[in-house]
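Novice: give me the fold of what follows.
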Amino acid sequence: MWSQIIGHTQQISQLKKGISEKTLPHALLFCGVEGIGKKQVALALAQTLNNSTKSFHPDCVLIEPTGKTIKIDVLRELKQKATLHPLEGTAKIFIIDEADKMTTAGANALLKILEEPPADTYLILITSRPSLI
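Specialist: Below you'll find the model as predicted:
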């Protein structure tokens, strides 16, 4: 998983350190130029958190825009799923790709979970336009 990623050496080192020292924050923002591998790093982190070699784990949810936005219904469903216990792994990971495309109502729906996350729940927001979040 980590070995397949080119670059991001410092960021991966920080993530590994956070995992080993149990100081990894429950919410992370991966931002940078489009196409540099942010999603790949997020997926590798999800695999590591659940000690899994599966490319997609049942306790990892990838949310992407449908059309031009990420709709509020999808984020409400995320909130509901976050309250459940992990199915197979030790953590629930929600990766929101192109997080800057959340509607205002959707972003507001996500605030509660960002402020008071359930135990063993991680949110990774990915964007190439952090000023729009």
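Novice: check the secondary structure at residue 124 for me.
Specialist: strand (DSSP: H, G, I helix; E, B strand; the rest coil).
Novice: let the chain start at 15 from now.
Specialist: Okay, residue one is now 15; in that scheme the one you just asked about reads as residue 138.
Novice: tell me, how many residues neighbour it?
Specialist: Neighbourhood size, residue 138 [other CB atoms under 10 Å]: 24. C-beta coordinates here come from the backbone N, C-alpha and C atoms, glycine included.
Novice: need the contact list for it.
Specialist: For residue 138, the residues meeting the contact criterion (CB atoms under 8 Å, 6 or more residues apart in numbering) are 41-44, 56, 59-60, 107-110.
Novice: tell me where this structure has helices.
Specialist: Along the chain, counting by DSSP state H, helices occupy 23-34, 52-63, 86-96, 118-129.
Novice: pick the most deeply packed of these.
Specialist: helix 52-63 (a mean of 21; mean count of other CB atoms under 10 Å).
Novice: can I get the CA coordinates of that one in PDB?
Specialist: The C-alpha trace of helix 52-63 is given here as PDB (Å, rounded to 0.1, in the frame of the first residue of the first chain):
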ATOM      1  CA  LYS A  52      -4.000  12.600  -2.500                       C
ATOM      2  CA  LYS A  53      -6.700  10.000  -2.900                       C
ATOM      3  CA  GLN A  54      -4.100   7.200  -3.200                       C
ATOM      4  CA  VAL A  55      -2.600   8.300   0.100                       C
ATOM      5  CA  ALA A  56      -6.000   8.500   1.800                       C
ATOM      6  CA  LEU A  57      -6.800   5.000   0.600                       C
ATOM      7  CA  ALA A  58      -3.500   3.600   1.900                       C
ATOM      8  CA  LEU A  59      -4.100   5.300   5.200                       C
ATOM      9  CA  ALA A  60      -7.600   3.600   5.400                       C
ATOM     10  CA  GLN A  61      -5.900   0.300   4.700                       C
ATOM     11  CA  THR A  62      -3.400   0.800   7.400                       C
ATOM     12  CA  LEU A  63      -5.900   1.900  10.000                       C
END
